[in-house]
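Chemist: Structure, please.
(3 chains)
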Amino acid sequence: MTQDIAVHGTVADGFEAVREEFAALVARERDDYEGQLCAYVRGRRVVDLWAGDVGAGDALYGVFSATKGAAHLVTALLVQDGTLDLDRKVTYYWPEFGTEGKGELTLRDLLAHRAGLVGTDAGFTRAELADDRVIAEHLADQRPFWRPGAAFGYHALVIGALTGEVVRRATGRTVQDLYEDRVRAPYGLDFHLGLPATAESRFRGPQPMAPTPDEQAFLDSLPKDGPHTLTAIAFNRHAAEPTDMARLHEDPLIRAKGPASVGGVASARGLARMYAAMTGEVDGKAPLLKADTVAEFGRIHSAGYDLVARGHMSFALGFQATADLWHPFLGAGALGHSGANGTQAFADPRTGLAYGYTRRRFGFTPGAAPENDRLARAAHQAALATG
Amino acid sequence: MTQDIAVHGTVADGFEAVREEFAALVARERDDYEGQLCAYVRGRRVVDLWAGDVGAGDALYGVFSATKGAAHLVTALLVQDGTLDLDRKVTYYWPEFGTEGKGELTLRDLLAHRAGLVGTDAGFTRAELADDRVIAEHLADQRPFWRPGAAFGYHALVIGALTGEVVRRATGRTVQDLYEDRVRAPYGLDFHLGLPATAESRFRGPQPMAPTPDEQAFLDSLPKDGPHTLTAIAFNRHAAEPTDMARLHEDPLIRAKGPASVGGVASARGLARMYAAMTGEVDGKAPLLKADTVAEFGRIHSAGYDLVARGHMSFALGFQATADLWHPFLGAGALGHSGANGTQAFADPRTGLAYGYTRRRFGFTPGAAPENDRLARAAHQAALATG
Amino acid sequence: MTQDIAVHGTVADGFEAVREEFAALVARERDDYEGQLCAYVRGRRVVDLWAGDVGAGDALYGVFSATKGAAHLVTALLVQDGTLDLDRKVTYYWPEFGTEGKGELTLRDLLAHRAGLVGTDAGFTRAELADDRVIAEHLADQRPFWRPGAAFGYHALVIGALTGEVVRRATGRTVQDLYEDRVRAPYGLDFHLGLPATAESRFRGPQPMAPTPDEQAFLDSLPKDGPHTLTAIAFNRHAAEPTDMARLHEDPLIRAKGPASVGGVASARGLARMYAAMTGEVDGKAPLLKADTVAEFGRIHSAGYDLVARGHMSFALGFQATADLWHPFLGAGALGHSGANGTQAFADPRTGLAYGYTRRRFGFTPGAAPENDRLARAAHQAALATG
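Modeler: As a prediction, this is how the structure comes out:
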């Protein structure tokens, strides 16, 4: 922290406290910190901040599990259209899925992380992890890791492949294609499921966590996980080519194909703008989702002990129930998804707030970085006060 | 604590330790403390204590959620009669309820806090909160806040209106009327759902919590809840007229109508006597409920993470499963309900103990005041030793 | 700890760290410590250690709930054979079971500790607890202690009687007989459900916990349980003859009949060898269970708040889901069962490890003794490194 990192960008009147929190974060971080924060309230961009190297304002980062938000916005659109029915059995769309006692599972169960298909016994190769269709094929043959219906657990690397295969069978198109046509392109979002070659120059590769000595001591004090645990399987650490999440987006195939669980590339602007467009009017366009659809996809479907996370988790449909666990000050029905590097993105329909944050270097600890608590709280307070 | 507050009343032989615990509590409290403790064992009053201003022995207080115990004693009577069937769909009794995917919910689901109807998006006015029928009408149109069946959460201000509407549709009478006729009047209980004008002179208005500096520091250290969280909605803090629980009974309309979730007014004698009459012989009358009915209404129906309380809760049917969470030394099947000011009331069928405690000033922290742990433990020990 | 206790026995190359952990444990324990540790990897015995008095190498101890592993291996064999169907209603096999709303419960529900029949209101006599058939008869009449389907809880003293009665009705034979014929005798296992008179001379009676002053202070600081709680009922502490678990195997009737929940007598060799034979080839014989059966019986069926344990528990089918709670470094699908004296026994199919540990004196605190964490971790690491 030998030199100050400048905070760039603007905030609307009333959002000065958000800038202060962001500046405080930047001051606490290492001097190579690079990150972005953006927020909308009812379609208007009210926060647009970044810090780090020149160019960081336009930079694109891997956003890991925040990708799931984009993928499941597509699912929500198809449910809204009537193309998909949440309570239909998966086998209605995808007959091969019905092996190993999976015949009763519904699309809703998949979206609520209840299917028990968090990975495969064999694990995935690097190339397979980039290809949702291959992931789905392997999972169709897999016995669920718990009794379907008895529990839930985070389908970290595969939920987008499972729900995406339902989308593909029902529409003939991939979730990536539908997202591009119905969501990304119309709004010019910097949030890609499949990064085009033309945007590659703005992509800045991930940096691994750089814990302080105290943080490292904490990490060292944690019990070591085994290589075959349910958590290891869900994160593909048991595979012949174990996945190193922090390096996932180094693989050009991941960036190019944008697998729907973790392969997305975005800026904070893209993240926030997507949630703004999903739940409200942006650029004069009607909200992508009707209030009823937002309410259904934002309702809690699974809450309590998560067999993969081994602690409390809360899921809506395809989205995290962001207000139950991550940011408990948000309104009921807030929905979004965090990512392993510290990305956080959500909509809070009761205030009209849409929030996006991402950072280049993995934060301490993995998952939604703790800085989001202060940043999101400040943004939410300002949205309330100015709303 | 500059002057001693006298402890008044009597205890039966063998219950001296209960008096000692009550005296110790009074000595720890502020010098304006005012409270009552009463217990029965198998129909015999064994504890009758109070402290505070002259007249506190006959005083009546708002008992907040302890009200739910009276309301659901009525439900239990109707189930016992065969008038209500726990496993019938709510729409069988109340067709208008079946909107927004609520058609499959049963009376049992309502009683187990599983319906997800903890409030309405718009919130209630003060006047509406006094009127169970209006509450029920609004809730009939509401989309559940979670997927029905996937979770449970404390229906703090509305469960009595939901179950009460089923009662009204099935019998043509309000739960308040039925309670008066079948429970309160026959036993002369000082536990009112709708306080008659003649008893108003004995009502002593609530006093807000008066934390010590340390307690205040603790309260200040808690993360601030937002105005639109599920918890806020369940406690009507998001409404145009946000509810201030501590002042609820200041409203004469609340006292007069006695809404079935939180509007009750009682003394400790009334609380304990009701549970004594519910589960055993009192004044030579047969128990209001048969052992089978007590067992059914006292069985755990929802236990684990409560989406409103955001922590562990345990519900039987309409009653709290008092032995699972509140007083873990009690016998399996103990059932009762605490109230926000510190009220606690329950029956422990395996010892024949019926317990009632209330206090004028809100205790620290909200919910069943911690003093109940020692008081109830002493009463339970004495019941075991003398039983 | 005034004198050293010798560690006896052998470990295979690569398992030296297991011996070191066992020696460290012995050094930490009282000087009358007596215990055994054994492990197999893919059918080969790799750890065979013991400490304590002369003869401890061949000694047999009560293994309490580790008994359930042997009993449910029999259930698994019958499911594999097609003799039992997990999803059939219990009443299909056992019509008298269908009282008190239990008609919908399945064999799977029994095995997953979901039935709510953790004991009876009256409790069991000492003689009754030795006789699974009598236990089952009493439970057939009992109302479940929670709403079936709504929760789960550890059926500590009775699960083997419930599932054993299903076995008896379906086959005409007791689970003890079937175990002897199909499992124990073919492998010459020192793990008995019903200890023969010829083996009595090797049985060494249990010794109660001997806490240090600090441990005693901790135990004293715990809130006292009541005599009628659900936990007390599940452990038969409410009965006219309350069960003292630590003395259970002092009763020759318990040893002779070997009730299927807690009456087993074994050595560590017997425990480990049973799990080795269950999941892999031993002495050239095919595994007792096919991989599919192991996967089904090792899948998590109940996880979260356990109403009897009053904390987090995880059950597979008849077995504990050992990798979820007890030893989180194990692979998904690890299955086994601990016992009150500190016994632990499990199979970890993903490494081929089978583990058995037992001790004469009850460890601190009750349940799988904490020493198992280090011992099992060392064994697992060695299995991984040498596998």
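Chemist: Show me what the helix or strand hosting A:R374 is packed up against.
Modeler: Using DSSP states H and E, A:R374 sits within helix A:371-386. Contacting helix A:371-386 under the criterion 3 or more CB pairs under 8 Å, 6 or more residues apart in numbering or on different chains; DSSP states H and E are the following elements: helix A:16-28, strand A:35-41, strand A:44-51, strand A:344-348, strand A:353-359. The C-beta positions use only the backbone N, C-alpha and C, and glycine is treated the same way.
Chemist: Show me which positions of that helix end up buried.
Modeler: A:371-384 (16 or more other CB atoms under 10 Å in any protein chain shown).
Chemist: Just flag the most distant two among those.
Modeler: A:E371 and A:L384 (20.4 Å; CB to CB).
Chemist: what does chain A put close to chain B?
Modeler: Along chain A, the residues adjacent to chain B under the rule CB under 8 Å from any CB of the partner chain are A:108, A:112, A:292, A:295, A:299-305, A:312, A:323-324, A:328-333, A:348, A:350-351, A:380, A:384.
Chemist: returning to what we had before: dump the helices and strands packed on helix A:371-386 to a markdown table, plus distance to chain C and mean neighbour count.
Modeler: As requested, the helices and strands packed on helix A:371-386 are arranged in a markdown table below (distance: least, CB to the nearest CB, whole Å; neighbours: other CB atoms under 10 Å in any protein chain shown):
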| stretch | distance to chain C | mean neighbour count |
| --- | --- | --- |
| helix A:16-28 | 32 | 18 |
| strand A:35-41 | 33 | 30 |
| strand A:44-51 | 38 | 22 |
| strand A:344-348 | 26 | 32 |
| strand A:353-359 | 29 | 31 |
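Chemist: got a list of what the residue of chain A found nearest chain C touches?
Modeler: Using CB to the nearest CB, the single residue of chain A nearest to chain C is A:H228, 3.2 Å away. Applying CB atoms under 8 Å, 6 or more residues apart in numbering or on different chains to A:H228 gives the contacts A:H238, C:L330, C:G331, C:A332, C:D348, C:R350, C:T351.
Chemist: are any of these buried, and which?
Modeler: Going by neighbour count (16+ other CB under 10 Å), the contacts of A:H228 have A:H238, C:L330, C:G331, C:A332, C:D348, C:R350, C:T351 buried.
Chemist: Can you pick out the ones from those that are in strands?
Modeler: C:D348 (DSSP state E).
Chemist: Quick check: of the buried ones among the contacts of A:H228, which lies closest to chain B?
Modeler: Among these, and counting by CB to the nearest CB, the member closest to chain B is C:A332, at 22.9 Å.
Chemist: A:T229 is in contact with that closest one, correct?
Modeler: Yes: with contact defined as CB atoms under 8 Å, C:A332 reaches A:T229; the gap is 6.1 Å.
Chemist: what about A:A70, distance to A:N341?
Modeler: 16 Å (CB to CB, to the nearest Å).
Chemist: cool, and A:A76?
Modeler: Counting by CB to CB, the gap from A:A76 to A:N341 is 25 Å.
Chemist: about what we covered before: could I get the contacts of A:H228 as a markdown table with distance to C:V167?
Modeler: Listed next are those as a markdown table, based on distance: CB to CB, whole Å:
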| residue | distance to C:V167 |
| --- | --- |
| A:H238 | 35 |
| C:L330 | 28 |
| C:G331 | 29 |
| C:A332 | 28 |
| C:D348 | 26 |
| C:R350 | 29 |
| C:T351 | 30 |
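Chemist: what number of residues lie near the residue nearest to A:L84 when sequence neighbours are not counted?
Modeler: In space, and not counting its chain neighbours, A:L84 is closest to A:L78: 4.3 Å by CB to CB, 6 or more residues apart in numbering or on different chains. Residues within reach of A:L78, counting by other CB atoms under 10 Å in any protein chain shown, total 21.
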